[in-house]
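S.K.: Starting from these lines, generate the structure:
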Amino acid sequence: MSFFKKEHKKLANNSFSFLQDKYHDSEDDLRDACKTGKKKLMRKAMKEHQKYEYALLYRKTPEFKALSQNKK
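M.R.: Predicted coordinates:
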């Protein structure tokens, strides 16, 4: 089983700045969800935040770098 899901790998094809913006937006949403104390809302926000975090991490892997070079 791969650490990164297909969703993360597909998202990683977006620009770094796009992913970084989405990551920071989701971080703000996560903070807001935590302030409410609603677990369901916090889980949803964390899932969204984690999605962008993993996409950013995948961009740093040798697998992604090799795929990126093959596309050029």
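S.K.: distance between the ends of stretch 33-44?
M.R.: One end of stretch 33-44 sits 9 Å from the other (CA to CA, to the nearest Å).
S.K.: contact partners of that stretch?
M.R.: L30, A45, M46 (CB atoms under 8 Å, 6 or more residues apart in numbering). In short, each C-beta sits where N, CA and C put it, glycine included.
S.K.: Swap in 6 Å and give it another go.
M.R.: A45 (CB atoms under 6 Å, 6 or more residues apart in numbering).
S.K.: check which helix or strand covers the residue most central in space within the chain.
M.R.: The structure's the chain has its C-alpha centroid closest to Y52; by CA atoms, centre = their mean the separation is 1.2 Å. Using DSSP states H and E, Y52 falls within helix 39-58.
S.K.: buried sites along that helix?
M.R.: By neighbour count with 16 or more other CB atoms under 10 Å, helix 39-58 contains the buried residues 41-42, 45-46, 48-49, 51-56, 58.
S.K.: Could you identify the helix or strand that succeeds it?
M.R.: Downstream of helix 39-58, the next assigned helix or strand under DSSP H and E is helix 62-71.
S.K.: quick check: mean pLDDT across the helix holding Y52?
M.R.: Throughout helix 39-58, pLDDT has a mean value of 96.
S.K.: Numbering from 40 from now on, please.
M.R.: All set: I'll call the first residue 40, so the last point we hit is now helix 78-97.
S.K.: Spatially nearest residue to A72, not counting backbone neighbours?
M.R.: Once flanking residues are discounted, A72 sits nearest to A84: 4.0 Å by CB to CB, 6 or more residues apart in numbering.
S.K.: Against Y93, how distant is the one you found?
M.R.: As defined by CB to CB, to the nearest Å, A84 lies at a distance of 15 Å from Y93.
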